[in-house]
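Peer 1: Provided below are the primary sequence and the corresponding predicted coordinates.
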Amino acid sequence: MADYLADVRKYDSSASEEVVNKIVKHLGIALRNRDSSLVSATDSKELDRVKANWIGKKLGVTDGAKADAAIDKTVKAMAADNTKSRVTFYYLTAKHLDKLSSL
């Protein structure tokens, strides 16, 4: 758990441990496999899944342009990171959409 929080705090030094824990719990078994614990920012199908399942279903954001903007901001923020943690990616998209409080 500390590793997820430390990774998120590279991008948001005031990240809430409680919010990160909720994202980890939401992702559950997906975090056990290295491949599924990472987000491929160059795979459009992967980003579509993030948009549909995380942003649309979990965060309740149905505005496609708003969702795309949050994904783009997150991809740019994490550009230097070759292994984009799914927990961090989800946290940052929620933050860009001002949805951290709803988690």
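Peer 2: Looks like it came in fine.
Peer 1: which residues of the protein score low on pLDDT?
Peer 2: Scanning the chain for pLDDT under 70 picks out the ranges 1-2.
Peer 1: in it, which spans are helices?
Peer 2: Using DSSP state H, the helices of the chain run over 2-9, 17-27, 44-49, 64-77, 86-96.
Peer 1: For the third one, which outside residues touch it?
Peer 2: With C-beta atoms under 8 Å, 6 or more residues apart in numbering as the contact definition, helix 44-49 has outside contacts at 39-41, 71, 75. For every residue, glycine as well, the C-beta is placed using N, CA and C.
Peer 1: Residue 40 versus the closest residue to residue 26 other than its chain neighbours, what's the distance?
Peer 2: Excluding the flanking residues, the one nearest residue 26 by C-beta to C-beta, 6 or more residues apart in numbering is residue 58, at 6.7 Å. From residue 58 across to residue 40, the span is 19 Å (C-beta to C-beta, to the nearest Å).
Peer 1: ok, now which ones touch the closest residue to residue 99 other than its chain neighbours?
Peer 2: Distance criterion C-beta to C-beta, 6+ apart; nearest residue to residue 99, sequence neighbours excluded, is residue 59 at 4.6 Å. Contact analysis of residue 59 by C-beta under 8 Å, 6+ apart lists 93-94, 97, 99, 102.
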